[in-house]
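A.B. asks: Predicted structure and sequence below. I'll ask about it afterward.
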Amino acid sequence: MRVILASNRGTVMELGITPIVTSGLVMQLLAGSKIIEVDNSVREDRALLNGAQKLLGILIAVGEAVAYVLSGMYGSVGQLGVGNAILIIIQLCFAGIIVICLDELLQKGYGLGSGISLFIATNICENIIWKAFSPTTINSGRGAEFEGAVIAMFHLLITRTDKVRALREAFYRQNLPNVTNLLATVLIFLIVIYFQGFRVVLPVRSKNARGQQGSYPIKLFYTSNMPIILQSALVSNLYFISQLLYRKYSGNFFVNLLGKWKESEYSGGQFIPVGGLAYYVTAPASLADMAANPFHALFYLVFMLSACALFSKTWIEVSGSSARDVAKQLKEQQMVMPGHRDSNLQKELNRYIPTAAAFGGMCIGALTVLADFMGAIGSGTGILLAVTIIYQYFETFEKERASELGFFGL
């Protein structure tokens, strides 16, 4: 989860992009549920919503920084001292503000895409490259081993006399990245790219300019990676609250119901869930874990599919991409569908958009679960996010290139 949210334990990026993602989620839900009135066609409303989102993100960063320090994440406040505790809080807050400012810079047009997408993609890709080619050695009880799967494979082939056993260990070693994990990662990348091409293209034409034809594509992944981002934000906040409570009240029944935690031997002092709701919404660590606890695997599968489908359906309503909103946009552009009345435009779009949103969200969830069960590097959620973000950048580059070629008459 840390990789997905661009969070690094023990650094100023401890909070990662959690504050800005959470604030965006809260503001979109408030706007979508009409608790706050926002007209996206009015520039002032968009500016106010954006400003409120940034302010809420800063407040969340401050709240999380204070909670991290007071809960003992860096040791008790008594051992740290009040001065050091305040300095840590200030550092975490300023890091959160810098992340928000960088996201704002990209949204203002000083780069491509959003800061959130860029932070996620770079962090996940860095994690995959590191686990494939890391030269760091780790003592796992069988002597020093290289962390990187590819380097470990060549090291085993060179140093072991039995090449077959060396290959078997390189492909199936436990607790460290192996070649099977790397191949699973590549396979999931290819599958997601293949599914990105699935779409239904609806023909449209202009009412004013005769003969001007166009098309409105509805992708299978209609809401792109938003279901995964929202699901990650939900689970991240559950982890955050559960860990804080467990550190203080580990004997409480309701706290244990929310989640039990222990320090992992192989993840640099990070805590992993071993019980409660936090454990069941976490992917099984291996096929052996799935076999030992099939209910955990089944619960995780159902949770991912239902959460992604629900978030996808909700997102089209709150983001202005539902059939009603699209029909309104097409009418404002004087576009109609050949063979259909203007009044039937929304009905025709309703045949595709809600289905694409729900089924596309379920497909995203299913691919995430598949990647997790196959042991892909960087977690299934991380890979799905990385591929969809990189594909969005590719589409943006293609559009920019096409517009430049059109401008120069090529």
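C.D. replies: Cool, the structure landed.

A.B. asks: From residue 102, how far off is residue 226?
C.D. replies: 20 Å (CB to CB, to the nearest Å). Bear in mind the C-beta positions are built from the backbone N, C-alpha and C, glycine included.

A.B. asks: ok, now how distant is the residue nearest the centre of the chain from residue 42?
C.D. replies: Nearest to the mean C-alpha position of the chain, by CA atoms, centre = their mean, lies residue 229 at 3.8 Å. In this view, residue 229 and residue 42 are 26 Å apart by CB to CB.

A.B. asks: Please apply the same query to residue 223.
C.D. replies: Using CB to CB, we find residue 223 at a distance of 24 Å from residue 42.

A.B. asks: how about low-confidence regions in the stretch 251-400 of the chain?
C.D. replies: Where the stretch 251-400 of the chain drops to pLDDT under 70, the residues are 265-269, 342-343.

A.B. asks: Could you check how many residues crowd around residue 155?
C.D. replies: Number of residues near residue 155 (other CB atoms under 10 Å) recorded here: 18.

A.B. asks: Tell me which stretches of the stretch 251-400 of the chain form strands.
C.D. replies: Assigned by DSSP state E, counting those that start in this stretch, the stretch 251-400 of the chain shows strands spanning 260-263, 271-275, 335-336.

A.B. asks: so of these, which one's packed in deepest?
C.D. replies: strand 335-336 (a mean of 18; mean count of other CB atoms under 10 Å).

A.B. asks: Quick one: list the elements packing against that strand.
C.D. replies: For strand 335-336, the elements it packs on are strand 199-206, judged by 3 or more CB pairs under 8 Å, 6 or more residues apart in numbering; DSSP states H and E.

A.B. asks: Would you mind identifying the next helix or strand past the strand it packs on?
C.D. replies: Counting by DSSP states H and E, the element after strand 199-206 in chain order, helix or strand, is strand 213-219.

A.B. asks: Pull up the gap between residue 90 and residue 69, please.
C.D. replies: For residue 90, the distance to residue 69 - CB to CB - is 10 Å.

A.B. asks: what about these two, which has more around it?
C.D. replies: Ranked by neighbour count (other CB under 10 Å), residue 90 and residue 69 place residue 69 first, with 21 against 12.

A.B. asks: Thought residue 77 was touching that one, still the case?
C.D. replies: Yes. Under the criterion of CB atoms under 8 Å, residue 69 makes contact with residue 77 at 6.8 Å.

A.B. asks: okay, and the common contacts of these two?
C.D. replies: Listed as contacting both residue 69 and residue 77 by CB atoms under 8 Å, 6 or more residues apart in numbering are residue 85.
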